[in-house]
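Colleague: give me a 3D structure for the following:
(one chain, ligands or ions: 2)
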Amino acid sequence: MVADNLTKEFRHAVKKPGLTGSIRHLLNPEYEKKTAVDRISFSIERGESVAYVGPNGAGKSTTIKMLTGILVPTGGQVLVDGVIPYKNRIENARNIGAVFGQRTQLWWDLPVLESLTLLKEIYEIPDREYKKRMELFEDILHLGEFLHLPARKISLGQRMRADLAASLLHNPKVLYLDEPTIGLDVSVKARIRQFIREVNRESGTTILLTTHDMEDIEDICKRLLIIDRGRVIFDGELQAVKDAFAQERTIHFEVRAPLHVGEEELAAQFPGAVLHIPSEGSGFSVRFNRFYYSAGDIIDFVTKRNEIVDIHIDEPSIELVIRQIYEVILTFRG
Ligand SMILES: Nc1ncnc2c1ncn2[C@@H]1O[C@H](COP(=O)(O)OP(=O)(O)OP(=O)(O)O)[C@@H](O)[C@H]1O
Ligand SMILES: [Mg+2]
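Modeller: Numbering: from 1, shown residues only. Ligands and ions are numbered 1, 2, ... in the order given. Below is the predicted model:
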């Protein structure tokens, strides 16, 4: 999947308030241009799992709509598995699946099962294949409990599971997910993430995921693409971003009593490191900048003074990393 200088401008009417404004607009309409996607370029290989993130209004959904062929770009190129989506919508539809958390693609008044059998006909899926797919969905998504209810009567979590099944029935090469876990409870979220991970791993389906939920990213994606105001501002491996941005590490020690922290020596040897001794338990933690000191040095220091029972090092969360990146964006915006 390739986007090359992909651009989308929207034209919207500018109208002064009130009746006079409306009449004036009728006689002499004025328009304003808004560039939602501004010369975006990226290339995604088959089988990758990419998080496509950015603040509200950054242009994420607009990009996905161009990739699915719903919107025609104003400029630049887009190619998905060798197909130009807006020019060959039918061919593109065979290659892709899409889930939009905000709205369903199921037929509202039809029982879920009938929506799925309709899709089977549309995509000309052989019976055996259909049965196999349905079994896979049943295993993780548990559709059975609501297959016979019309889409409008099922809960949000059930609807999202059904939408996922609908988007994957024809075993597409690419799956677009635009906020697939929005409004779901933790257990449904977990099940959906597990399912997407498996689809990516087992079928090699390329995943492009838009979300504001950092756990979705952590669970599903290996690569991070951040956009802001229609432009790509970061593109790289998730782990690399963590390493580059998350400078702080915390090591938690549990030691056998009595505790010998060596507070003054610690402060002298590792200026800037922050010690935390909880009032309960027999342990403490040290927070430090890993660009200044290595975890090994800190652990050495503690081992010389204590008998260590247990150690763990906090992994920087992607939430923290992305928050830092957003803060940098806002600073540069001025
Ligand atoms: N059909 C449209 N007509 C005019 N402007 C639009 C249209 N669709 C989107 N926009 C504008 O384009 C910009 C990008 O919108 P988009 O929906 O792509 O953002 P997003 O990154 O998906 O945001 P969110 O995180 O809130 O979903 C916004 O300023 C939005 O108002
Ligand atoms: Mg959006």
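Colleague: secondary structure element for residue 321, which one?
Modeller: When elements are assigned from DSSP states H and E, residue 321 belongs to helix 318-333.
Colleague: what are the contacting residues of that helix?
Modeller: Helix 318-333 has contacts (CB atoms under 8 Å, 6 or more residues apart in numbering) with 53, 55, 214, 217-218, 224, 226, 228, 233-234, 238, 241-242, 245-246. Any C-beta I mention is one placed from the backbone N, CA and C, and that applies to glycine too.
Colleague: so which residues of the chain form helices?
Modeller: With DSSP state H, the ranges of helices along the chain come out as 18-27, 60-68, 89-95, 112-122, 127-141, 156-168, 186-203, 214-220, 238-245, 263-269, 295-305, 318-333.
Colleague: residue 4: which of these is closest?
Modeller: Proximity to residue 4 (CB to CB) singles out helix 60-68 among the helices of the chain, at 11.9 Å.
Colleague: can you name every helix or strand that that closest one contacts?
Modeller: For helix 60-68, the packing partners by 3 or more CB pairs under 8 Å, 6 or more residues apart in numbering; DSSP states H and E come out as strand 2-14, strand 30-43, strand 49-53, strand 96-100, strand 174-178, strand 206-210.
Colleague: ligand 2 contacts on the protein?
Modeller: Counting by CB under 5 Å from the ion, the residues of the chain close to ligand 2 are 60, 61.
Colleague: contact residues of the chain facing ligand 1?
Modeller: Proximity of the chain to ligand 1, by CB under 6 Å from any ligand atom, involves residues 10, 12, 34, 36, 54, 56, 57, 58, 59, 60, 61, 62.
Colleague: again, only using 5 Å
Modeller: For the chain, the residues in contact with ligand 1 (CB under 5 Å from any ligand atom) are 10, 12, 36, 56, 57, 58, 59, 60, 61, 62.
Colleague: separation between residue 137 and ligand 2?
Modeller: Using CB to the ion, to the nearest Å, one gets 26 Å for the distance from residue 137 to ligand 2.
Colleague: residues contacting that residue?
Modeller: 143, 164, 165, 168.
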